[in-house]
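# model this:
(4 chains)
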2 protein chains.
Amino acid sequence: MSGLPTFKRLPRAVREQQMLDAAVKVFSRRGFHAASMDEIADDAGISKPMVYAYLGTKEELFVACLHREGTRMMAAIAGAAAPDLPVDERLWRGLRAFFGFVGAHRDGWAVLYRQARGERPFAAELAAMRNQLVEVVAGMLDHALRAGGREVAATDLEVVAYALVGASESLADWLADHPEADPEQTATRMMNVAWLGADQLLRGTTWHPPKA
Amino acid sequence: MSGLPTFKRLPRAVREQQMLDAAVKVFSRRGFHAASMDEIADDAGISKPMVYAYLGTKEELFVACLHREGTRMMAAIAGAAAPDLPVDERLWRGLRAFFGFVGAHRDGWAVLYRQARGERPFAAELAAMRNQLVEVVAGMLDHALRAGGREVAATDLEVVAYALVGASESLADWLADHPEADPEQTATRMMNVAWLGADQLLRGTTWHPPKA
DNA sequence: GCGTAACCTTACGTCGGAGTAGGTATGCTC
DNA sequence: GAGCATACCTACTCCGACGTAAGGTTACGC
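As a prediction, this is how the structure comes out:
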């Protein structure tokens, strides 16, 4: 009608991705509650009822974001850390893929790590993903330990793995706030902390609290 | 009037603490936005206008919670890790105090770590506290390195410190969800991961990525 | 014993934002 | 080129929750 480019109609699959992009962006900045469906729709260049028609309620939309970003992240990591490599090589590749993902999808990371945590209905979803990672890391440690003829209680291994995953998440979060930082270098730093500590553990060196 | 114990009037200082207790509890479970002032007032056994009269708006109330819990935590850590002890002893005492605090104030921890993060106006407050911790840890590492005649770029040290703090937070969070777990033991585990890795670092052992 | 200040309440105004009703336009199929 | 499904919009309803107005009650000083 007017000279302005009256925007084209697009197939559902395309619009859904645009909506998810907008939702991830808005959720990452505002958080679940403070984000408004109006703003998301606006940002996607579409009207609100379309969002409801395609992605359902606000909660369902948030879950959809979580799924997309979570799946992408896990796929990136799993695709990099082939299970037939030596342990330190696997760890290194996994870390590199992880930090690479965070560097390339800062918004997605923020939704996963900063916003979904603590929001009652979504925390479980996230915990499941995190546990998957912890299990993998614990499995790697266990594998390496057995190869060395040693054995450690499963609980202990899991706690160590938990700490390593937590440290990585923390550095990733730092990375997300520092656009100038290099994901590769951050991965190397994390590898230093993780592997050197893990390596000592694998050798049987342990630290004990001084007697009270 | 009736036989029911018609609750006493209490001085402002006492009521304020009760309100803060209730607020921390509710905020920790629901998060900032989903928490309602009505529920907080209810939980404190008082009516809503009293909360507004004493602690101000919802945002101010949340900040008050953050301040109280944050100050308590930092005080607990600082009080335990005297600066004239050897580095590993300082680290150990600091960790023990930290995990002790989290074990004893799970709600407070949840507000600080799970809820304040990602909520635009409060994240900065938290980041400042966290940075204080990171600086202290980085300072400890630097001190130990110089004593050994070595030196490492400040940025590298800070990133390592950041990772260690992150790992601790992560384990603390795990602890908050596992009432049966022992804070002391968790601290020991963290010490193992942290100190052994740091120790290697202090000795100059480093890991390098394999050439592409 | 009486005024005054501090403690405390019920009952509202108001507003942002989730979710929907009902209708229009466009392209694809036959 | 008629019919139909799909893409899309404007304009509403309604509820929950922040924040407040206006007033009641207990203690304490003098």
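# from here on, contacts and neighbour counts on C-alpha atoms
Will do.
# what helices or strands is the helix or strand bottoming out on mean pLDDT in chain A leaning on?
Comparing helices and strands within chain A by mean pLDDT, DSSP states H and E singles out helix A:183-203 as the least confident, with a mean of 80. Other helices and strands packing on helix A:183-203, by 3 or more Cα pairs under 8 Å, 6 or more residues apart in numbering or on different chains; DSSP states H and E, are helix A:87-104, helix A:120-147, helix A:154-176, helix B:154-176, helix B:183-203.
# could I get the buried residue list for the second one?
Residues of helix A:120-147 classed as buried: A:122, A:125-126, A:130, A:133-142, A:144-145 (neighbour count, 16 or more other Cα atoms under 10 Å in any protein chain shown).
# close to DNA strand D, is that helix?
No - judged by Cα under 7 Å from any atom of the strand, helix A:120-147 makes no contact with DNA strand D; its nearest approach is 13.7 Å.
# where does the closest residue to residue A:112 other than its chain neighbours land on pLDDT?
Residue nearest to residue A:112 in three dimensions, not counting chain neighbours: residue A:66, with 6.3 Å by Cα to Cα, 6 or more residues apart in numbering or on different chains. At residue A:66 the predicted local distance difference test score is 97.
# how about the residues of chain A near DNA strand C?
By the rule Cα under 7 Å from any atom of the strand, the part of chain A lying against DNA strand C is A:8-9, A:33-38, A:48-49, A:52, A:57-59.
# make it 6 Å
Contact residues, chain A versus DNA strand C (Cα under 6 Å from any atom of the strand): A:9, A:35-38, A:48-49, A:52, A:57-58.
# buried set for the one helix or strand the residue nearest to residue A:112 maps to?
For residue A:66, the host element (DSSP states H and E) is helix A:58-80. Within helix A:58-80, the residues scored as buried using 16+ other Cα under 10 Å are A:58, A:61-66, A:69-70, A:73-74, A:76-78, A:80.
# okay, that helix in CSV with CA atoms only?
The C-alpha coordinates for helix A:58-80 follow below in CSV (Å, rounded to 0.1, in the frame of the first residue of the first chain):
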residue,chain,number,x,y,z
LYS,A,58,4.7,-17.4,28.5
GLU,A,59,5.8,-20.4,30.5
GLU,A,60,5.8,-22.7,27.5
LEU,A,61,7.7,-20.0,25.5
PHE,A,62,10.3,-19.9,28.2
VAL,A,63,10.6,-23.7,28.2
ALA,A,64,11.0,-23.6,24.4
CYS,A,65,13.9,-21.2,24.8
LEU,A,66,15.5,-23.4,27.4
HIS,A,67,15.1,-26.4,25.2
ARG,A,68,16.5,-24.8,22.1
GLU,A,69,19.5,-23.3,23.8
GLY,A,70,20.1,-26.2,26.0
THR,A,71,20.0,-28.7,23.2
ARG,A,72,22.3,-26.5,21.1
MET,A,73,24.8,-26.3,23.9
MET,A,74,24.8,-30.0,24.8
ALA,A,75,25.1,-30.9,21.1
ALA,A,76,28.1,-28.6,20.7
ILE,A,77,29.9,-30.2,23.6
ALA,A,78,29.0,-33.8,22.8
GLY,A,79,30.0,-33.3,19.2
ALA,A,80,33.4,-32.1,20.2
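# report all helices and strands that that helix contacts.
Based on contacts counted as 3+ Cα pairs under 8 Å, 6+ apart, the elements that helix A:58-80 packs against are helix A:12-30, helix A:87-104.
# ranking these by burial, who's on top?
Highest mean neighbour count of the helices and strands packed on helix A:58-80: helix A:87-104, a mean of 21 (counted as mean count of other Cα atoms under 10 Å in any protein chain shown).
# still on that earlier bit, off-centre distance for the least confident helix or strand of chain A?
Here the centre of helix A:183-203 is set off from its chain's centre by 19 Å, with Cα atoms, centre = their mean, to the nearest Å.
# list the contacts of it.
A:88, A:91-92, A:95-96, A:99-100, A:103, A:141, A:144-145, A:148, A:164, A:167-168, A:171, A:175, A:206, B:156, B:159-160, B:163, B:192-198, B:200-201, B:206-209 (Cα atoms under 8 Å, 6 or more residues apart in numbering or on different chains).
# still on that earlier bit, the inter-axis angle of the helix holding residue A:66 versus helix A:12-30?
Between the direction of helix A:58-80 and that of helix A:12-30, the angle (axes from the mean of the first three to the mean of the last three Cα atoms, to 10 degrees) works out to 100 degrees.
# now helix A:58-80 against helix A:87-104, angle please.
Compare the direction of helix A:58-80 with that of helix A:87-104 by the same axes, to 10 degrees and you get 140 degrees.
# now helix A:58-80 and helix A:120-147, what's the angle there?
Using the same axes, to 10 degrees: helix A:58-80 against helix A:120-147 is 20 degrees.
# name the residues that touch helix A:58-80?
Taking contacts as Cα under 8 Å, 6+ apart, the residues outside helix A:58-80 that touch it are A:20, A:23-24, A:27, A:32, A:37, A:55, A:90, A:93-95, A:97-98, A:101, A:108-109, A:111-112, A:116, A:122, A:129.
# pLDDT weak spots in chain A?
A:1-7, A:197-198, A:201-202, A:204, A:211-212 (pLDDT under 70).
# before we move on, the earlier item: okay, the helices and strands packed on helix A:58-80 in CSV with distance to residue B:184 next?
Output for the helices and strands packed on helix A:58-80, formatted as CSV (distance: least, Cα to Cα, whole Å):
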stretch, distance to residue B:184
helix A:12-30, 36
helix A:87-104, 29
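# please consider this matter closed, and thank you.
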